[in-house]
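A.B. asks: the following comprises the amino acid sequence and a computationally predicted model.
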2 protein chains.
Amino acid sequence: MKPNDLPATPWVLARRAQRMNPSVIREILKVTERPGIISFAGGLPSPSTFPVDEFAAASAQVLAQDGPAALQYAASEGFAPLRERIAAGLPWPVDPDQVLITTGSQQGLDLVGKVLLDAGSRVLVETPTYLGALQAFAPMEPEVVGVASDDAGVLPDDLERQAAGARFLYLLPNFQNPTGRTMTEARRAQVSAAAARLGLPIVEDNPYGDLWFDQAPPRPLTARHPDGCIYLGSFSKVLAPGLRLGFLVAPPALYPKLLQAKQAADLHSPSFNQRMAHRVIAGDFLDRHVPRIRALYRSQRDAMLAALARDMAGLGVEWNAPDGGMFLWARLPRGMNALDLLPQAVERGVAFVPGAAFYAGAGDDPEALRTLRLSFVTATAAQIDTGIAALAQAVRAAQGRP
Amino acid sequence: MKPNDLPATPWVLARRAQRMNPSVIREILKVTERPGIISFAGGLPSPSTFPVDEFAAASAQVLAQDGPAALQYAASEGFAPLRERIAAGLPWPVDPDQVLITTGSQQGLDLVGKVLLDAGSRVLVETPTYLGALQAFAPMEPEVVGVASDDAGVLPDDLERQAAGARFLYLLPNFQNPTGRTMTEARRAQVSAAAARLGLPIVEDNPYGDLWFDQAPPRPLTARHPDGCIYLGSFSKVLAPGLRLGFLVAPPALYPKLLQAKQAADLHSPSFNQRMAHRVIAGDFLDRHVPRIRALYRSQRDAMLAALARDMAGLGVEWNAPDGGMFLWARLPRGMNALDLLPQAVERGVAFVPGAAFYAGAGDDPEALRTLRLSFVTATAAQIDTGIAALAQAVRAAQGRP
């Protein structure tokens, strides 16, 4: 029988999969992969910060000294010395047994969703919030609720109003993706106390915390109430994302469930990569390496701020000045729509992500439609100059100016 | 406020997580990690088959030539040249656009579950079946139904009886984990035709297909009806599991959903590992390497068969003689229980996995309780000799013999 003679198989999708649809933005941004486009869209760390030589040395050593173990199946928890190193580096007392190595911190979000969310469960997020977290939670079909937020993070009043029955509050307090904003010490204290009082667990995501420009951000919320929080970290921004290494720190009561979800998801994260990363960060490598990343990203942020001040003058565009991280958040004048602006910008050789993508279920709000996320870490300072000028031209054109 | 003054946070687990409990077997097998225990329990490939030198060379080349790209974020679909190579190596026409690189084939099972299973969805599996698949599907809370099976695979009659409303049939046709059995050509033709007629999708898992001893197994079921099947493959058994690289091949209609589930799960599999594996398998490396694995595992299977014949004589134990793969399946005499035997075996320095773990929801059936899985690839031939002798002593003791 030839395949063509067979009846078509009636695949039935899970309900969650029916809601997984390609995003319009993703489709538009595919063009930005073509050479010549200056992209402020992606969240790609500058490849100039990747410690290629150190990885080459570490890889050779791992294979020469521990080759068979590095290439074998390994414990789902992760490589013990790496877990110990992570625990020792966190600013509150963490037992290495509470550390679970994940395949990027994106996987941490997937595991958290699996262990804590039923269909219809309420999850609180910032307004706006990290798109990847919304995507990671989506398969569990939660009801995602945005808590009103200002430049200092979620507003405690609205948090109290929304908290009843929520499974957890998802926060990205440092140099947030997408806004670049940082939760102040005062707000952390308020939110942490409110969450404890409300019995509201917190999932704290901290991929950018080490990328501060002038001073380190305030202590993690998890440090204030470890038993009420799951903390997610990543090596993607301080080493390299291509290794896919992140971790989570969980209260002892939750750890076994997250571990079993991890085992079912991919057995374990690559043992070779874990051993390589462990060797690279041994000693004081990060103490020397991370300041270089900070200095570079700071100079690129400055280049973007200078270009915005120069090229956007008089156009009614507003933006913030992040203290670290990778992203800057801008607002078009009232009534303008960043989604409409995108194709015009791409035509002029520059790309960004319309901010509406980051609003949980409120992406058609006029305030959301005005916003855009600009990454200042992928393009060089010279490209930032050219790109912001092109973006300003697109805004001018959309405003009907010459 | 000190942490101790804070009220305990009332974490609420998802319903699925309440059902995730540490397995008794896993707990017992933890002892087997201690030195001196001969383990037939794990599914660990022999580390002597890992091409350490080739990985070292590939790693150095990848970092020297494509370091920044190998360490950067990458497409969720996977590294294009690796996808092309995989597509070209499969025994039916596959477009590289249908290939999705996964973080081990375990992740392929997680993605399939997410895209195809709702709570309560019916899934058909072999009796017994791969435990990792049951664990991967479990978070989606399906109703898993075992189809009656014999030494040639699932029985078409029972398949017809059970098929109504099933989302898919999960099969591991080559050198199955746990039984080592292979689905015959005749049975594949019957099952493939029945599935097409019934409109029943097939998820075909093939991690062991290359590890044949005398002749290659029959063609995959997917090759007979590609639009009705998702096919899962792995580099864990022909290269090394520590890289966590697998892949799936999906019909074009399903691919975008699986891709979105993949992106939400871990963004992409490590780009560095994909490029390294691609370099190692470039040219005819696998044509030279895999025959060496086959020869080794064949000699170890022979060692185990010889030891069983010698040491189990007269004890009423039965076993099969797999044509490939990593596992042999044995049955204790009627009335004996492999779970009871395990601690006695461990006491004598040898471990195995009681077969009951592999039966979907029927692990307390007396027939299931008799069975055990013996891996012949991790221990050396000499260790197999010693280990089977010790296992025979444990059986003798359990039977009250001297």
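C.D. replies: Alright, I've got the coordinates. Numbering: from 1, shown residues only, chains lettered A, B, ... in the order given.
A.B. asks: touching, A:Thr371 and A:Pro128? I think so.
C.D. replies: Yes: here A:Thr371 reaches A:Pro128: they are 7.3 Å apart, a contact under Cβ atoms under 8 Å. Yep, even glycine has a C-beta here, placed from its N, CA and C like the rest.
A.B. asks: overlap in contacts of those two?
C.D. replies: Here A:Thr371 and A:Pro128 have A:Gly355 as joint contacts, going by Cβ atoms under 8 Å, 6 or more residues apart in numbering or on different chains.
A.B. asks: can you map out the helices along the stretch 101-250 of chain A?
C.D. replies: A:104-116, A:131-137, A:156-162, A:185-198, A:221-224 (DSSP state H, counting those that start in this stretch).
A.B. asks: want to throw those helices into CSV with distance to chain B and mean pLDDT?
C.D. replies: Below are these laid out as CSV (distance: least, Cβ to the nearest Cβ, whole Å; pLDDT from 0 to 100):
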stretch, distance to chain B, mean pLDDT
helix A:104-116, 4, 97
helix A:131-137, 4, 93
helix A:156-162, 15, 97
helix A:185-198, 5, 97
helix A:221-224, 7, 98
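A.B. asks: now do A:Phe285 against A:Met276, distance only.
C.D. replies: Using Cβ to Cβ, to the nearest Å, we find A:Phe285 at a distance of 12 Å from A:Met276.
A.B. asks: and for A:Ala57?
C.D. replies: Counting by Cβ to Cβ - A:Ala57 and A:Met276 are separated by 10 Å.
A.B. asks: now swap in A:Phe352 and tell me
C.D. replies: For A:Phe352 relative to A:Met276 (Cβ to Cβ), the value is 34 Å.
A.B. asks: who has more neighbours, A:Phe285 and A:Met276?
C.D. replies: It is A:Met276, of A:Phe285 and A:Met276, that has more neighbours when counted by other Cβ atoms under 10 Å in any protein chain shown, with 29 against 16.
A.B. asks: for the closest residue to that one other than its chain neighbours, list the residues it contacts.
C.D. replies: Nearest non-adjacent residue to A:Met276, counting by Cβ to Cβ, 6 or more residues apart in numbering or on different chains: A:Ala58, 4.7 Å away. Contact partners of A:Ala58, counting by Cβ under 8 Å, 6+ apart, are A:Arg275, A:Met276, A:Ala277, A:Arg279, A:Val280.
A.B. asks: got TSV for the residues you listed, with distance to A:Asp97 and pLDDT too?
C.D. replies: Putting the contacts of A:Ala58 into TSV (distance: Cβ to Cβ, whole Å; pLDDT from 0 to 100) gives the following:
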residue	distance to A:Asp97	pLDDT
A:Arg275	19	98
A:Met276	23	97
A:Ala277	20	98
A:Arg279	22	97
A:Val280	24	97
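A.B. asks: now for those: which two are most distant?
C.D. replies: Greatest spacing in the contacts of A:Ala58, by Cβ to Cβ: A:Arg275 and A:Val280 (9.9 Å).
A.B. asks: who's more crowded, these two?
C.D. replies: Under the criterion of other Cβ under 10 Å, the comparison of A:Arg275 against A:Val280 puts A:Arg275 first, with 26 against 21.
A.B. asks: doesn't that one belong to a helix?
C.D. replies: Yes: per DSSP: H, G, I helix; E, B strand; the rest coil, A:Arg275 lies within a helix segment.
A.B. asks: can you tell me how far it is from A:Trp11?
C.D. replies: When distance is defined by Cβ to Cβ, A:Arg275 is 40 Å away from A:Trp11.
A.B. asks: now do A:Phe79
C.D. replies: Counting by Cβ to Cβ, the gap from A:Phe79 to A:Trp11 is 39 Å.
A.B. asks: the more surrounded of those two?
C.D. replies: Higher neighbour count among A:Phe79 and A:Trp11: A:Phe79, with 25 against 20, using other Cβ under 10 Å.
A.B. asks: for the more buried one, which non-adjacent residue is closest in space?
C.D. replies: In space, A:Phe79 is closest to A:Gln274, 4.0 Å off (Cβ to Cβ, 6+ apart).
A.B. asks: which ones are touching the one you found?
C.D. replies: A:Ala74, A:Gly78, A:Phe79, A:Leu82, A:Ile101, A:Leu245.
A.B. asks: the first one: what's it in contact with?
C.D. replies: A:Ala74 sits next to A:His268, A:Ser271, A:Gln274, B:Gly242 when contact means Cβ under 8 Å, 6+ apart.
A.B. asks: I'd say the second one and A:Pro68 touch.
C.D. replies: Read that as A:Ser271. No: when contacts are counted by Cβ under 8 Å, A:Ser271 is not listed as touching A:Pro68 (10.5 Å).
A.B. asks: give me the more crowded residue out of the two.
C.D. replies: A:Ser271 (26 against 15).
A.B. asks: so who does A:Ala163 touch?
C.D. replies: Here A:Ala163 is in contact with A:Leu124, A:Leu169, A:Ala194, A:Ala195, A:Leu198, A:Leu200 (Cβ under 8 Å, 6+ apart).
A.B. asks: what two of the residues you listed are the furthest from one another?
C.D. replies: Most distant of those, by Cβ to Cβ, are A:Leu124 and A:Ala194, 11.4 Å apart.
A.B. asks: quickly list what's touching both of these two.
C.D. replies: A:Leu159, A:Ala163, A:Leu200.
A.B. asks: so how far is A:Gln190 from the first one?
C.D. replies: Computed with Cβ to Cβ, the distance linking A:Leu159 and A:Gln190 is 9 Å.
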